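Visitor: What follows is a predicted structure for the sequence shown.
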Amino acid sequence: MNSSCNCTIDDFKRSVFPAVYLLIFILGIAGHSVSICVFFSMWRKTRSLTSVNLFMVNLLLSDLMQVCSLPLRASYYLSNSHWPFGTLACRLIFYVFYLNMYSSIFFMVSLNIMRYLALVHPYRFMHLQNCCSGPLVCTLIWLFVALASSPLLFTESQTGAIRCLELPSTNATINMLIIINNVTVTVGFVMPLVIILWCSIFVIHRLLKPSPSQRTVKKSRKKACALVVISLCFFLICFLPYHIMRMLFLYAERNAVENKGHQCSCTYIQGIRKAAVVTHCLGAANSCLDPILFFFVGENFRSFFSRLLRRRKAENDNRKNSQQRAELQAMQG
């Protein structure tokens, strides 16, 4: 985020990024650990997962990869923008962020399509569940995103072996990033956003429409509708500002490089850079929000915690009964 227009915000980045990254890491590890336990419990019983659960597992793995990369990013800013892990690790950490962001988006699209079909076209949903290979779809998503993000592996990083996670200061590299960004925003965000909005509108309409045998909408349907809205809001809050600001940021940095700093307004450039930092944090925060939706949306999650609470209650009751029997025997002895 440094260019020829010398209006740096290094202090701002070093105060914001480490705190946000480490908070997301802690919350993400906690939430994803619970999610792994739930899915492992489900798999151990059936030795298989439905297509929906498979998409959720892959979304979980994508988020977990991103969460695990955040401490390295935090250490860079905590070390006064010093990167001791080498050029290859720098490019990989840059690549992993976008690989996981866009794979998460496409798995969200898959889950929204399945939810739409389950409510609006249940027979097609059953047909897809029977004939469509969930592992194949997941593999195609990973391959597509990995190949589409691969140009980032060959993008020049900031000059200097100890610098990383900074925008290169050459005009040619920034122009290449703008081209990559324009394609990425269209294919990786705008198209998925249109699909998710389409599915969400029809799902909400179906959920809020009373059945012929009832005049009012069931409470469970209202709750499901609220969860659809919350899921959509998470998506928009995390990804919409990020993609808008990333585009504005790249064009502003190109103008700063082309003008060689002579016609730069430091107030404007610093404002754009700070907004890019904040929206970048919002984009990263999505990786710790998905377990919340898993818990509220998935019946398997709620039943898992219900069983866990019942088991704990039974263990506590047995422990109390054992203590009472021991005390009684001591009194009688």
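Guide: It's in. These numbers come from a predicted model, not from an experiment.
Visitor: would you list every one of the helices in this structure?
Guide: For the chain, the helices defined by DSSP state H cover 10-46, 51-78, 87-120, 122-131, 134-149, 171-185, 191-208, 219-258, 266-285, 290-297, 299-332.
Visitor: could you check the angle helix 266-285 makes with the longest one?
Guide: Using axes from the mean of the first three to the mean of the last three CA atoms, to 10 degrees, the inter-axis angle of helix 219-258 relative to helix 266-285 is 140 degrees.
Visitor: What are the buried residues along helix 219-258?
Guide: 221, 224-225, 228, 231-232, 234-235, 237-239, 241-243, 245-246, 249-250, 252-257 (16 or more other CB atoms under 10 Å). All C-beta spots, glycine's among them, are computed from the backbone N, C-alpha and C.
Visitor: For that helix, which helices and strands make contact with it?
Guide: Helices and strands touching helix 219-258, by 3 or more CB pairs under 8 Å, 6 or more residues apart in numbering; DSSP states H and E, are helix 87-120, helix 171-185, helix 191-208, helix 266-285, helix 290-297.
Visitor: which regions of the stretch 201-333 of the chain sit below the pLDDT cut-off?
Guide: Counting by pLDDT under 70, the stretch 201-333 of the chain has low-confidence residues at 210-223, 260-264, 294-333.
Visitor: And the contacts of stretch 134-143?
Guide: 49-51, 54-55, 58, 103, 106-107, 110 (CB atoms under 8 Å, 6 or more residues apart in numbering).
Visitor: ok, so of those residues, who is nearest Ala276?
Guide: Ala276 has its nearest neighbour among the contacts of stretch 134-143 in Ser103, at 22.2 Å by CB to CB.
Visitor: got a list of what the closest one touches?
Guide: Shown in contact with Ser103 (CB under 8 Å, 6+ apart): 58, 62, 141-142, 145.
Visitor: follow-up on the earlier one: which two among the contacts of stretch 134-143 are spaced furthest apart?
Guide: Maximum distance among the contacts of stretch 134-143 (CB to CB): 19.6 Å, for Thr50 and Ser103.
Visitor: Please verify my assumption that Tyr116 contacts Val203.
Guide: Yes - shown here, Tyr116 and Val203 form a contact pair, counting by CB atoms under 8 Å, at 5.6 Å.
Visitor: Kindly point out which residues are neighbours of both of those two.
Guide: In contact with both Tyr116 and Val203: no residue, using CB under 8 Å, 6+ apart.
Visitor: For burial, what's the neighbour tally of Gln66?
Guide: Applying other CB atoms under 10 Å, we find 25 residues neighbouring Gln66.
Visitor: In this structure it contacts Ala284, no?
Guide: Yes - Gln66 lies in contact with Ala284 (CB under 8 Å); the separation is 7.0 Å.
Visitor: who touches both of those two?
Guide: Phe97.
Visitor: mind putting the helices of the chain in TSV, distance to Cys164 included?
Guide: Output for the helices of the chain, formatted as TSV (distance: least, CB to CB, whole Å):
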stretch	distance to Cys164
helix 10-46	12
helix 51-78	6
helix 87-120	4
helix 122-131	43
helix 134-149	17
helix 171-185	15
helix 191-208	29
helix 219-258	17
helix 266-285	15
helix 290-297	27
helix 299-332	37
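Visitor: Cheers, nothing more for now.
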